[in-house]
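Asker: One predicted model, sequence on top.
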Amino acid sequence: MESPLLQTPGAVPADAPDREVAAHYGEPSQEQRALADGAAFVDRSNRGVVRISGPDRLSWLHSLLSQHLDALQPFEPTEALLLGAKGHIENHLFLIDDGEAVWAHVEPGSAAPLVEFLDRMRFMLRVEVEDVSASHAVVTGPGPAEPGTLSWPDAAGTVTRVVPRGEFPEGLRPAGIWAYEALRIAEHRPRFGVDTDHRTIPHEAGYVETAVHLNKGCYRGQETVARVHNLGRPPRRLVFLHLDGSVDRLPAPGDPVEIPGGRNVGFVGSAARHHELGPVALAMVKRNVPVDAELLAGGVAAAQEVVVSPDTGANAQIDLRRRPAKHG
């Protein structure tokens, strides 16, 4: 569903997976600074919104997803993963319960298959699942999060909200999705489907910090999570890249990451021009790539910064400061 803000003078449509919203409105750098300073909002209405109601909703979702949810308190934001049988990430959900229903927002194009899967898993439980993307949308803007609202605070000081579709903050300028993406990349936050692929497991992308509860009961894919946590050695790891600023292009999602000599060791995910850091990116590389190795990302020279340690799991102390409050 195309955003009405694409009709704003100067609006430039973004590339996939964000074609339905604006990349920028003619001033990308200024928009990014305004967002960082709390003077702008980002239309993210291309994201899917799902509502799950019914008295069994929390215990049911708890049994399906990677997060501890059966004691989730009203308006406490959290994240969760839907995993495949071998632990590969199939969806990344931002969740909040309003006391009557759980609301989730997910990547563009992910709501319909998520609803289809959840419908198949209802059995005789008292739950109802609906795709409400046509009536509700995702907007990111200044904080703080208001109590009693569908709000998820971000590390950068912005707050993501689910609001009625077409409702935008007043008194703020719109910033394009490029502004949001630059701040997200700088915070080392991976984006499902862009910084991950069909083989990604939670430890590789750092999702264990935010979207996985390591001491909850059985759920699909738990065996892989437990094994890597106990034994370590995930095949790959997420890295943050400082790109060569003298090059007039950014690597594209999926471009190869190479080490000197031309050996392919991974792929580029997101890339952006940050208003302070310059060109930056996230990439997935093999675990055994030296942490000080110089890299080429889509042919652009890059210095890496560790996001996920090569030693994650297996007696490593995982930083859980960004994890939502524990339950149970």
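Answerer: Perfect, I can see it now.

Asker: how far is whichever strand or helix holds Val228 from where the chain is centred?
Answerer: Element membership of Val228 [criterion: DSSP states H and E] is helix 222-231. When distances are taken as CA atoms, centre = their mean, to the nearest Å, helix 222-231 is centred 22 Å away from the chain's centroid.

Asker: Following the chain past that helix, name the next helix or strand.
Answerer: strand 236-243.

Asker: Can you give the strand pairings for that next one, parallel or anti for each?
Answerer: strand 278-286 (antiparallel), strand 300-306 (antiparallel) (DSSP bridges).

Asker: Turn the ones you listed into CSV, including distance to Asp154.
Answerer: Quick note: C-beta positions are derived from backbone N, CA and C, even for glycine. Converted to CSV, the strands paired with strand 236-243 look like this (distance: least, CB to CB, whole Å):
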stretch, distance to Asp154
strand 278-286, 16
strand 300-306, 19
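
Asker: Leu81 is nearest to which of those?
Answerer: Among the strands paired with strand 236-243, the nearest to Leu81 by CB to CB is strand 278-286 (16.1 Å).

Asker: ok, back up a step: may I have the helix holding Val228 exported as PDB, CA atoms only?
Answerer: C-alpha atoms of helix 222-231 as PDB (Å, rounded to 0.1, in the frame of the first residue of the first chain):
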ATOM      1  CA  GLN A 222      15.200 -24.200  20.300                       C
ATOM      2  CA  GLU A 223      17.700 -27.100  19.900                       C
ATOM      3  CA  THR A 224      19.900 -25.000  17.600                       C
ATOM      4  CA  VAL A 225      19.800 -22.000  19.900                       C
ATOM      5  CA  ALA A 226      20.700 -24.200  22.900                       C
ATOM      6  CA  ARG A 227      23.500 -26.000  21.100                       C
ATOM      7  CA  VAL A 228      25.200 -22.900  19.900                       C
ATOM      8  CA  HIS A 229      24.800 -21.200  23.200                       C
ATOM      9  CA  ASN A 230      26.400 -24.200  25.000                       C
ATOM     10  CA  LEU A 231      29.000 -25.200  22.400                       C
END
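
Asker: Would you mark the buried spots in it?
Answerer: For helix 222-231, the neighbour count (16 or more other CB atoms under 10 Å) marks Gln222, Thr224, Val225, Arg227, Val228, His229 as buried.

Asker: and what of stretch 81-100?
Answerer: 81-83, 87-97.
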